[in-house]
Every structure is written in C-alpha cells, then in structure tokens.
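Q: just coords:
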C-alpha cells in the first residue's frame, strides 16, 4: 500500500478552452478545499489527446466539451483506451456545453451512459459552458448566428468548486489500496 498522498488525474477534451478551464478549476479545487488539504491531495490536468496513463494516480476525473450532444473524440478514445485501468480506481466524469439562462440543452450527452459503464464512473456532472463568438471558426460562427445561440460565459464556478470538494472528500476517505 502506498503511503504517499493521493494523486488525482484530471483528463480533459476541450475545443475552445472553456472546458479546459473547468478541468483546471477542478484540479485546483480538489487540492485546495478542506478535505483536499487535510489529505494532501494533489491533482494534475492533462489534455485527453496526450493520452496520459492513469496508472500512477489514485483517482481520475475525465471531462469533455459537448458538441451536437456528444463528447469530443479524444475523451471518448481516452475512456476506451484505458477502460481496464479506469475501472480499477475511482472515476468521475463531467461534461461542459449547455449555454444560456437557464442553460440549454438540459439533457445528458448521448455518450455519457456508455462511457460511464465502460469506465465504472461513480458520477457524471453536466456544467454550463461558454460561447465566445471570437473563439469560433467561420463555420461555427455562422451556425451560432443562424441558431441565435446565446453568447456569454455561463459556467457556474461555485458548482465546480463544490463538486471538486465532493471528489476530494471521497478520494481522501477511500483511496484504494495499491496503485496498479
């Protein structure tokens, strides 16, 4: 059994940076919240396309931006590539994408249920996203204009911080014995 403080890997697929910022906030939050500080948790955020090995970590948070109701390919590929390792440790999933007041769409991304089953995830959270027209491609701007999508930053940082604290409490209370 390892005696070192628990380590959490936060893996994220982000297209325009908003979801990566949520992942960074989760990584900071698990380490900086009271249960995280008490357990000396540390967390690192790595883009999904880098395919970071989860093996040396005690827990994994995997997240993706959602477009057209689906996770981005790098996050889906990461879950498939490391499914066996992920099932052997605590895993949490998050999605970012709904926009507006109140955030729309409210339904879960199409691939969350199969990814949850594949990875043995404990939970999935859906966070509102950001739509910044200046970060979009020409085609994306045209689609946003045609759809009259609401522009702005709809991310709920208090909800992100609260969830990070929940993860930290769970990891510090029940770190699995031995990393594989």
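A: Structure's in. What do you need? Please read these numbers as outputs of a predicted model, since none were measured by experiment.

Q: Can you list the helices and strands that the top strand by length along the chain packs against?
A: Ordering each strand of the chain by length in residues (DSSP state E) puts strand 59-67 first. Counting contacts by 3 or more CB pairs under 8 Å, 6 or more residues apart in numbering; DSSP states H and E, strand 59-67 packs against strand 7-13, helix 18-32, helix 73-81, strand 91-96, helix 157-173. Where C-beta positions appear, they are placed from N, C-alpha and C, glycine not excepted.

Q: try 6 Å
A: With contacts taken as 3 or more CB pairs under 6 Å, 6 or more residues apart in numbering; DSSP states H and E, strand 59-67 sits against strand 7-13, helix 18-32, strand 91-96.

Q: so how far is residue 4 from the residue nearest the centre of the chain?
A: In the chain, the centroid-proximal residue (CA atoms, centre = their mean) is residue 63; its distance is 2.6 Å. Distance, residue 63 to residue 4, using CB to CB, to the nearest Å: 25 Å.

Q: okay, now the closest residue to residue 86 other than its chain neighbours: neighbour count?
A: Distances taken as CB to CB, 6 or more residues apart in numbering put residue 119 closest to residue 86, at 4.2 Å, once the chain neighbours are dropped. Using other CB atoms under 10 Å, residue 119 is surrounded by 24 other residues.

Q: I figured residue 119 hits residue 85, correct?
A: No: counting by CB atoms under 6 Å, residue 119 sits too far from residue 85 to count as a contact (9.4 Å).

Q: just to revisit the earlier point, is it true that the residue nearest to the centre of the chain touches residue 97?
A: No: Residue 63 is beyond contact range of residue 97, at 10.6 Å (criterion: CB under 6 Å).

Q: so what's the residue nearest to the residue nearest to the centre of the chain when sequence neighbours are not counted bridging to?
A: With CB to CB, 6+ apart as the criterion, residue 63 has its nearest non-adjacent residue at 4.0 Å, and that residue is residue 94. On the basis of DSSP bridges, residue 94 is bridged to residue 63, residue 125.
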